[in-house]
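Undergrad: after the sequence you'll find the predicted model.
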Amino acid sequence: MNDDARSTTPRKLVLLGAVSGAVGVRGDVKLQSWTEPRAQILRYQPWILRSANGVEREVQGVRGRDGGKHVVATVPGVSDRDAAEALRGTQILVPREALPPPAPGEYYWVDLEGLRVVTVDGVALGEVSHLLSTGANDVMVVRGERERMLPFVQPDYVKSVDFESGTITVDWDPEF
């Protein structure tokens, strides 16, 4: 590969939260965090801030604290209430490699996206497009000759996840 060659593999980003508003007059922002505990969002950096129109910018050095009902953060370059309010609705993403490895039997959704899904009988169902949370359990959206929604419930339906082969094996009727 020469020096001019660039990787075509897109960088995997994980959505961890969003800016929900301004706090005070010095430019602090209120965060909605999906980490557990919620202030953990501050440990994963750099942040990729994605605006509603898809424009991304990277920030490093965000500081903050758990403010009781929400996380309050100071974002470098945001120094007044107007600038903080302009971030309302901005998504907070981090590069996948900034996150710790998941516990055994647990997975980051971004790691499952794109894996092939086959039944225990070897019938190919398609690839994981994305996952969603239904409250009761997570659901894999699998796109192949048609779209299927499969519960991500181990070991009932999901029998194995093999990253080396890029395959999720499921106990699922291909006609369903």
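TA: Great, that's in hand.

Undergrad: list the buried residues of the longest helix seen in the chain.
TA: In the chain, ranked by residue count with DSSP state H as the criterion, the top helix is helix 81-86. Residues R81, A84 are the ones in helix 81-86 that count as buried (16 or more other CB atoms under 10 Å). Any C-beta I mention is one placed from the backbone N, CA and C, and that applies to glycine too.

Undergrad: let me see the mean pLDDT of it.
TA: For helix 81-86, mean pLDDT is 97.

Undergrad: with stretch 128-137 instead?
TA: 92.

Undergrad: quick one: end-to-end distance for that stretch.
TA: 16 Å (CA to CA, to the nearest Å).

Undergrad: identify the residues contacting that stretch?
TA: Residues outside stretch 128-137 that contact it (CB atoms under 8 Å, 6 or more residues apart in numbering) are 109, 112-115, 117, 138-143, 147, 151-153, 168.

Undergrad: got the buried residues for that stretch?
TA: In terms of neighbour count (16+ other CB under 10 Å), stretch 128-137 has its buried residues at V128, L131.

Undergrad: next: stretch 33-40.
TA: So for stretch 33-40, counting by 16+ other CB under 10 Å, buried means S33, T35, R38, A39.

Undergrad: please name the bridge partners of the most centrally placed residue in the chain.
TA: When CA atoms, centre = their mean is applied to the chain, the residue found nearest the centroid is V14 (3.0 Å). Under DSSP bridges, the beta-bridge partners of V14 are V94.
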